[in-house]
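Participant: Sequence and computational prediction follow.
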Amino acid sequence: MMSRFRQATFIGVVIGLLIALLIALMRSEKMRRQLSKRLEELWNARPSSERLKQAAQQAATKMRETGSALGELVQQSGSRVKQLRQEDVSTAGPSAPELEPREQTRSTTPDEEREI
């Protein structure tokens, strides 16, 4: 047999544990409701399929415009390089391979050959 003090302590601990369990369950229920409410708010805040479609179309249009502009820049750069190359060739004068055939076809006298 238990003493009255131990019996009262045991009953007090059991009652305390039950109260703590009820409070924890109430809190978790409240938290579940809050979480459920938050998730519902987030779900309702997501963009509609129409808004998503519109944003995708705008992005695609912007990509096409950027691609066209980039293509034009590449074309302009290619033309400029070609122009600069032609200008460089025209200011450099005749190249060495062009000179050799002329020298071979030219007739030289024996005196000229000694000078060379």
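Facilitator: It's in.

Participant: Show me the domain layout of this protein.
Facilitator: Domain segmentation of the chain under automatic domain parsing yields 1-45, 56-87.

Participant: what stretches of the chain score poorly on pLDDT?
Facilitator: Across the chain, the ranges flagged by pLDDT under 70 are 1-2, 93-116.

Participant: Show me where it has its helices.
Facilitator: Assigned by DSSP state H, the chain shows helices spanning 4-45, 49-92, 96-105, 110-115.

Participant: Throw those into CSV and include mean neighbour count, thanks.
Facilitator: Glycine gets a C-beta too; all of them are placed from N, C-alpha and C. CSV is the format used below for these (neighbours: other C-beta atoms under 10 Å):
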stretch, mean neighbour count
helix 4-45, 10
helix 49-92, 10
helix 96-105, 8
helix 110-115, 8
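
Participant: how close does residue 25 sit to residue 48?
Facilitator: To residue 48, residue 25 is 38 Å away according to C-beta to C-beta, to the nearest Å.

Participant: Same question for residue 4.
Facilitator: Separation of residue 4 from residue 48 (C-beta to C-beta): 69 Å.

Participant: Please apply the same query to residue 78.
Facilitator: From residue 78 over to residue 48 (counting by C-beta to C-beta), the distance is 45 Å.

Participant: Also residue 71?
Facilitator: Applying C-beta to C-beta to residue 71 and residue 48 gives a distance of 35 Å.

Participant: and what of residue 8?
Facilitator: According to C-beta to C-beta, residue 8 and residue 48 sit 64 Å apart.

Participant: Residue 17 now?
Facilitator: Residue 17 is 50 Å from residue 48, by C-beta to C-beta.

Participant: ok, now residue 34?
Facilitator: Distance, residue 34 to residue 48, using C-beta to C-beta: 26 Å.

Participant: same deal with residue 88?
Facilitator: From residue 88 to residue 48 the distance is 59 Å (C-beta to C-beta).

Participant: Also residue 27?
Facilitator: 36 Å.
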